[in-house]
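*Asks:* this one's sequence-less:
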DNA sequence: ACAGTAGTTCGAAGAACTTGGAACTTCTCA
DNA sequence: TGAGAAGTTCCAAGTTCTTCGAACTACTGT
């Protein structure tokens, strides 16, 4: 049927706030998600992240929404799946060096 | 009377955890404290930070304790006053570049 | 259309956090 | 020794966060 493109909301790069990014990455589950994404080097399916952190899908969905709303990740819908990636370029432009620190930890 | 030196507990440099630092600095009041300290370039009295953020002393004492316990700040007692400073060296060694990012924000 | 799959949203419970007044501890100075 | 100053601790209240099952939406293949 008609492909009603469900737009997933993301903040613009300029709208990404440092305190929000810090707050989001200060939570162990989310920091692990960020590191898993960094290690993957690109997109990961939501399910792969869910598997990586070992929590129910509803909980992971919650954390992934927070990461997306803070501008840390980008979520792309493809069919029933969601492809998650780090917003490397935006984060590097906005807060140079931060992502590397988060990942090296 | 006898000078019973009340040791203020600080984590060792190696014990400073990234997630804890992020969580602490993700809170607006505390991030402002960190920035005020960075702008000062050295020690500030607790009262100066209290004045800077405009909150009751009990609330500031709470936030300053969290920052200290996370290893972000060092607190030195002198008489009835407390001198607060950023743990620049320890943070730079542990997470190079992070402090600069927090301050530039 | 149906069943199955992937993920989201809702609702509730419990945990953790933030705030601020009151009481308390320490130190200083006269 | 006593008053005052600077902070801390205690406690309660309100808020926000985290978790997770249940119900729901959206898409896919048959």
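*Replies:* On my side now, so go ahead. This is a predicted model, so every value here is computed, not measured.

*Asks:* Let's check: the centremost residue of chain A is which one?
*Replies:* The centroid of chain A falls nearest to residue A:73 when counting by C-alpha atoms, centre = their mean (2.8 Å).

*Asks:* Wait, it touches residue A:65, no?
*Replies:* No. Under the criterion of C-beta atoms under 8 Å, residue A:73 is not in contact with residue A:65, lying 9.7 Å apart. Yep, even glycine has a C-beta here, placed from its N, CA and C like the rest.

*Asks:* which residues of chain A fall in strands?
*Replies:* Per DSSP state E, chain A carries strands over the ranges A:44-45, A:73-78, A:81-86.

*Asks:* The shortest one pairs with which strands, and in what direction?
*Replies:* Same thing as strand A:44-45. Strand pairing for strand A:44-45, determined by DSSP bridges: strand A:81-86 (antiparallel).

*Asks:* Give the closest residue to residue A:86 in space, chain neighbours not counted.
*Replies:* By the measure of C-beta to C-beta, 6 or more residues apart in numbering or on different chains, the closest residue to residue A:86 outside its immediate chain neighbours is residue A:37, 4.9 Å from it.

*Asks:* what number of residues lie near the one you found?
*Replies:* 23 (other C-beta atoms under 10 Å in any protein chain shown).

*Asks:* isn't it right next to residue A:85, touching?
*Replies:* Yes. Counting by C-beta under 8 Å, residue A:37 touches residue A:85, with 6.6 Å between them.

*Asks:* quick one: common contacting residues for the two?
*Replies:* Residues touching both residue A:37 and residue A:85 (C-beta atoms under 8 Å, 6 or more residues apart in numbering or on different chains): A:44, A:73.

*Asks:* which bits of chain A sit near DNA strand C?
*Replies:* Counting by C-beta under 7 Å from any atom of the strand, chain A comes close to DNA strand C at A:45-47, A:50, A:57-58, A:60-62, A:64-65, A:75, A:80-82.

*Asks:* Now, of those, which are buried?
*Replies:* Buried members of the residues of chain A next to DNA strand C, counted by 16 or more other C-beta atoms under 10 Å in any protein chain shown: A:46, A:50, A:60, A:64, A:75, A:82.

*Asks:* So residue A:16 sits against residue A:92, correct?
*Replies:* No. Look at residue A:16 against residue A:92 with C-beta under 8 Å: they stay out of range, at 11.3 Å.

*Asks:* Having no further points to raise, I will conclude here.
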